[in-house]
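Peer 1: Got a predicted model here, sequence first, then my questions.
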Amino acid sequence: MRLRGKVALLTGAAAAIKGELMGFGGAAAHLFVREGAKVVLTDIRDELGARAAAALRADGHDARYLHLDVTSEQNWVQVADAVMAAHGRLDILFNNAGVSFPGKVEDITVDIWERELGVHAKGVFLGTRTAITAMRKGGGGSIINTSSVMGIVGSPTSPAYSAAKGAITLFTKSAALQYAKENIRINSVHPGYADTPLTLKRFSDPAVRKELLDRTPMGRLGTAEDIANGVLFLASDDSSWVTGSELVIDGGMTAQ
Ligand SMILES: NC(=O)c1ccc[n+]([C@@H]2O[C@H](COP(=O)([O-])OP(=O)(O)OC[C@H]3O[C@@H](n4cnc5c(N)ncnc54)[C@H](O)[C@@H]3O)[C@@H](O)[C@H]2O)c1
């Protein structure tokens, strides 16, 4: 029970149904409740998210679903208010929502650029800002931001995604410095290629899959659980002296 009594808010966490392909947010939600946390799942896929929360409740867990478009300042205020009204505290924020629009620089429209930067960079900024106010009231907390290996090295296929994930990497460190004394820890997680709803279509192409496997020294793609295990470490007090760090979980990809 590494998260006993803690309240966790997760973004981009609708794909959280046992027996179906889960995303990192969904897999993290399952580990969080297993460890005793109360979870608030959020996403823009409301039907799926509501079903996922209902299934967690049916298993005896404290879970709810709320609509949260991470690019909306107003949505963040509404969700923070709802969490504080229901639980009176916020201990963990997993800033995890994401989108992916591969394309060569010449083909990236301003709309795509703004969506990548909006969901990732602005979304993480708004979430972090919102959570700090709530966490301060409880004497601290842990914020985990989903960057990517492509927030450390350049993506060969998705320059706008790399730019957005790189923004998360350094925003995380800067924010970590500002709130370290208040016991609000802020870290980033950097997944390699993993099978999730986001990547299902692209990674199902045998040629693409082979290319990704060739780039991954451990010879398999990641699972949502591989990533969620690292997120759980950062969320729990096991990482109580860890802030501003980059946790790479990529089967060795960025070691080469
Ligand atoms: N799967 C991978 O190989 C991989 C690798 C590195 C990083 N990531 C990152 O991991 C995170 C989780 O992705 P995943 O692969 O688990 O897939 P996923 O599809 O389960 O998660 C992404 C979720 O974000 C939600 N979302 C999109 N726009 C949103 C918005 N404006 N507001 C709120 N939610 C929104 C989607 O509805 C979706 O549920 C993303 O940030 C992604 O970029 C994934």
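Peer 2: Sure, I can see it.
Peer 1: Please state the offset of stretch 166-180 from the chain centre?
Peer 2: Stretch 166-180 sits 15 Å away from the centroid of its parent chain (C-alpha atoms, centre = their mean, to the nearest Å).
Peer 1: buried sites along that stretch?
Peer 2: Buried positions in stretch 166-180, judged by neighbour count with 16 or more other C-beta atoms under 10 Å: Gly166, Ala167, Ile168, Thr169, Phe171, Thr172, Ala175, Ala176, Tyr179. Every C-beta, even on glycine, is put in place using the N, C-alpha and C of the backbone.
Peer 1: likewise stretch 84-92?
Peer 2: For stretch 84-92, burial by neighbour count (16+ other C-beta under 10 Å) applies to His87, Arg89, Leu90, Asp91, Ile92.
Peer 1: surely the first one meets Ala8?
Peer 2: No: with contact taken as C-beta atoms under 8 Å, His87 and Ala8 are classed as non-touching, separated by 9.9 Å.
Peer 1: quick revisit: which of the buried residues of stretch 84-92 sits closest to the ligand?
Peer 2: Within the buried residues of stretch 84-92, proximity to the ligand (C-beta to the nearest ligand atom) peaks at Ile92, which comes in at 16.1 Å.
Peer 1: Leu3 is in contact with that closest one, correct?
Peer 2: Yes: counting by C-beta under 8 Å, Ile92 does reach Leu3; the two are 7.3 Å apart.
Peer 1: Point me to the residue of the stretch 51-200 of the chain nearest the ligand.
Peer 2: Closest point on the stretch 51-200 of the chain to the ligand, by C-beta to the nearest ligand atom, is Gly98, at 2.2 Å.
Peer 1: Residues of the chain that sit close to the ligand?
Peer 2: Proximity of the chain to the ligand (C-beta under 6 Å from any ligand atom) is limited to residues 11-12, 14-15, 23-25, 43-45, 68-71, 96-100, 119, 146, 148, 191, 193-194, 196-199, 224.
Peer 1: out of those residues, which are buried?
Peer 2: Applying 16+ other C-beta under 10 Å to these, the neighbour count classes 11-12, 14-15, 23-25, 43-45, 68-71, 96-100, 119, 146, 148, 191, 193-194, 196-199, 224 as buried.
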